[in-house]
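1. Pasting the sequence and the predicted coordinates here, then a few questions.
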Amino acid sequence: MKWLRRNVWRLLTLVASVILALGFVPENHPELSALLTRFSPILSLFGAAAARAWFGGTLLLGIPLLILPLFKGRLFCWRICPMGFLAELAGKLNPKGKGLIHHVPMLNKALALIVAATAAAGYPLLIWLDPLCIFNGFFAAWRTPFTVAALATGIGFVAILVMSVIAPNIWCHRICPLGGLQELLMLLARRLTEGRKAEKPKSGDLPPAAAPRPAAVSRRALLTAIPAAAAGVVAGKVFGPNGRKALRPPGADLEKINALCARCGNCMRVCPYQLIQPDLGDSGIDGLFTPVMWLRSRNPDQEQYCFQDCVKCTQVCPTGALRPLTVKQKHDLAIGIAEIDRKKCVAWENKEYCAVCDEYCPYKAIKLEKRGDVMCPVVDLSKCRGCGACESACPADPIAITVKPIS
């Protein structure tokens, strides 16, 4: 009971976080399910800085965790964070392992600086290490219909718990970048306070001009941030093109998606037809578990397509990997291009009348052109939006029309 009274607030926070992560919000307000991840300044503010865009007032949700540590230190870590609470409980299973973290260097502040510096450079690295994102990703994977691929977003959650059992407190005290950011801000506040005290010497003390003034930013921090920013620029040039190798959801920032994506699972959970799945290698190792579209050619059981009036996935991304879109904006945006394999097409190859793709296309992007005695389908690239309606309806076996990424 004593433990329960001490941790009642943490239990309530945990329950509320699970509800948000599972997406138990009103169906007409899917953006509410992204609230948990937007409370992290690493995801919301750093993501917006890297994307060079403003995504609305919800970005301001990340500000409290930049202010709180200036006055209360790592209060969020020890009293609120749901991932930290579960990691702490996991560590209690192995009390004999407490001393193991002394053999692990303090990585958390360096990781926080790396994320911040690379975000400022426009290509954030390691943003997916954010604890709220990892927590959200695990619960977002448990959706219906369930897919094995969706479990990829829960790997980080399981890894943290396993590490915490082996070496209690290793995540919160040594690795967590959000904790490292809180600690940096706490140290900054402490140094500023010490600096103000040094400016008011007592009788007999050194005069203000000779009193040592604590530095706001340490040399070690600069030695971490400067090369990290350079690495972000280089990574953007080297890995940026990989984002175009896979078919992405609407609003995707194709040049930065592999870095901006937090792998939180929000977009996958809200997709009404489970078209969005984690990438398992199509866009390179840097794109692992980022969102890709699995249309019928990728998933034979899929009978749906990216509905032209659905923009749910764009409303729940906390980092800007998927830009928020209106329905009108989606109508003007191509996520892919349909291609017809004439050797598989019933009309082109068998000389039989078939206009199913034309009938199902919501954008009227299929034209029928006469070839001999048969009307054959041709894709109008200026109108095609890559929604996959033609692919889902194609009667050919194997499918004759498929949507390809925009190269």
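-> Arrived safely, thanks for sending. Numbers count the residues shown, from 1 in each chain.
2. outside of the helix or strand where Ala229 lies, which residues touch it?
-> In this assignment (DSSP states H and E), Ala229 forms part of helix 219-239. Outside helix 219-239, the residues that touch it by CB atoms under 8 Å, 6 or more residues apart in numbering are 109-110, 113-114, 116-125, 184, 255-256, 258-259, 284, 286. Every residue, glycine included, has its C-beta placed from N, CA and C.
3. In helices, which of these appear?
-> Lys109, Ala110, Leu113, Ile114, Ala116, Ala117, Thr118, Ala119, Ala120, Leu184, Asn258, Ala259 (DSSP state H).
4. Gly180 is in contact with the second one, correct?
-> Yes: with contact defined as CB atoms under 8 Å, Ala110 reaches Gly180; the gap is 7.2 Å.
5. the more surrounded of the two?
-> A direct count of neighbours by other CB atoms under 10 Å for Ala110 and Gly180 places Gly180 higher, at 26 against 19.
6. three-state assignment of that one?
-> helix (DSSP: H, G, I helix; E, B strand; the rest coil).
7. quick one: contacts for it?
-> Counting by CB under 8 Å, 6+ apart, Gly180 makes contact with Leu107, Asn108, Lys109, Ala110, Leu111, Ala112, Leu113.
8. right, and out of these, which lies closest to Val8?
-> Asn108 (27.1 Å; CB to CB).
9. From Ile42, how far out is that closest one?
-> 12 Å (CB to CB, to the nearest Å).
10. Just give me the closest of the contacts of Gly180 to Gly265.
-> Gly265 has its nearest neighbour among the contacts of Gly180 in Leu111, at 21.3 Å by CB to CB.
11. hang on, isn't that closest one packed against Pro177?
-> Yes: at 4.0 Å, Leu111 counts as touching Pro177 under the criterion of CB under 8 Å.
12. Give me the common contacts of the two.
-> With CB under 8 Å, 6+ apart, Leu111 and Pro177 have common neighbours Leu126, Leu129.
13. that older thread, compare Asn108 and Ile42 and say which is more crowded by neighbours.
-> It is Ile42, of Asn108 and Ile42, that has more neighbours when counted by other CB under 10 Å, with 31 against 24.
14. Need the nearest residue in space to the more buried one, chain neighbours excluded.
-> Take Ile42 and drop its neighbours on the chain: the residue closest to it by CB to CB, 6 or more residues apart in numbering is Asp130, 4.6 Å away.
15. and if you look at Pro395?
-> Nearest residue to Pro395 in three dimensions, chain neighbours excluded: Val356, at 5.6 Å (CB to CB, 6+ apart).
16. give the contact list for that neighbour.
-> Neighbouring residues of Val356 by CB under 8 Å, 6+ apart: Cys390, Ala393, Cys394, Pro395.
17. 10 Å instead, please
-> By CB atoms under 10 Å, 6 or more residues apart in numbering, the contact set of Val356 is Val346, Ala347, Ile366, Pro377, Cys390, Ala393, Cys394, Pro395, Ala396, Ala400, Ile401.
18. ok, now Arg298?
-> Leu247, Leu275, Gln277, Asp282, Val292, Gly388, Glu391, Thr402, Val403.
19. Redo those as CSV? Include neighbour count, pLDDT and secondary structure.
-> Below are these laid out as CSV (neighbours: other CB atoms under 10 Å; pLDDT from 0 to 100; DSSP: H, G, I helix; E, B strand; the rest coil):
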residue, neighbour count, pLDDT, secondary structure
Leu247, 28, 96, coil
Leu275, 28, 94, coil
Gln277, 21, 93, strand
Asp282, 15, 89, coil
Val292, 25, 96, strand
Gly388, 29, 96, coil
Glu391, 24, 95, helix
Thr402, 22, 96, strand
Val403, 28, 97, strand
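20. Just name the closest of those residues to Tyr305, please.
-> Checking the contacts of Arg298 against Tyr305 with CB to CB, the nearest one is Gly388 at 3.9 Å.
21. Give me the phi and psi angles of that closest one.
-> Dihedral pair for Gly388: phi 90, psi 10, per degrees, to the nearest 10.
22. Compute the distance between it and Ala262, please.
-> 25 Å.
23. quick one: the residue nearest to Pro395 from Ala34, how far?
-> The value you get for Val356 to Ala34, if CB to CB is used, is 37 Å.
24. Find the residues that touch each one of Asn108 and Ile42.
-> With CB under 10 Å, 6+ apart as the test, Asn108 and Ile42 both reach Leu129, Pro177, Leu178, Gly180, Leu181.
25. Considering those, which possesses the most neighbours?
-> Leu178 (29 neighbours).
26. quick one: that one and Leu45 touch, right?
-> No: using CB atoms under 10 Å, Leu178 is not in contact with Leu45; the gap is 11.8 Å.
27. Are there residues contacting both of these two? Which ones?
-> Residues touching both Leu178 and Leu45 (CB under 10 Å, 6+ apart): Leu65.
28. In stretch 55-67, which residues are buried?
-> Within stretch 55-67, the residues that count as buried by 16 or more other CB atoms under 10 Å are Phe55, Thr58, Leu59, Leu61, Gly62, Leu65.
29. ok so, going back, run through the residues that contact the residue nearest to Ile42.
-> Counting by CB under 10 Å, 6+ apart, Asp130 has contacts 37, 40-44, 46-47, 83, 115, 136-137, 156, 176-178, 181, 262-264, 318-319.
30. out of these, which are inside helices?
-> The members of the contacts of Asp130 that map onto helices under DSSP H are Thr37, Phe46, Gly47, Met83, Val115, Asn136, Gly137, Gly156, Pro177, Leu178, Leu181.
31. which residues touch the closest residue to the third one other than its chain neighbours?
-> Spatial nearest neighbour of Gly47, excluding adjacent residues (CB to CB, 6+ apart): Thr319 at 3.0 Å. In this structure, Thr319 makes contact with 37-38, 40, 42-48, 50-51, 55, 119, 124, 127-128, 130, 133, 253, 256-257, 259-262, 264, 266, judged by CB under 10 Å, 6+ apart.
32. do the same with Asp253
-> 50-53, 240, 243, 259-261, 317, 319-323.
33. rewinding a little: may I see the ones in helices among the contacts of Asp130 organised as a markdown table, with pLDDT and distance to Arg371 added?
-> Below are the ones in helices among the contacts of Asp130 laid out as a markdown table (pLDDT from 0 to 100; distance: CB to CB, whole Å):
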| residue | pLDDT | distance to Arg371 |
| --- | --- | --- |
| Thr37 | 94 | 51 |
| Phe46 | 95 | 54 |
| Gly47 | 94 | 49 |
| Met83 | 96 | 60 |
| Val115 | 95 | 55 |
| Asn136 | 95 | 52 |
| Gly137 | 93 | 49 |
| Gly156 | 94 | 53 |
| Pro177 | 96 | 59 |
| Leu178 | 96 | 60 |
| Leu181 | 95 | 62 |
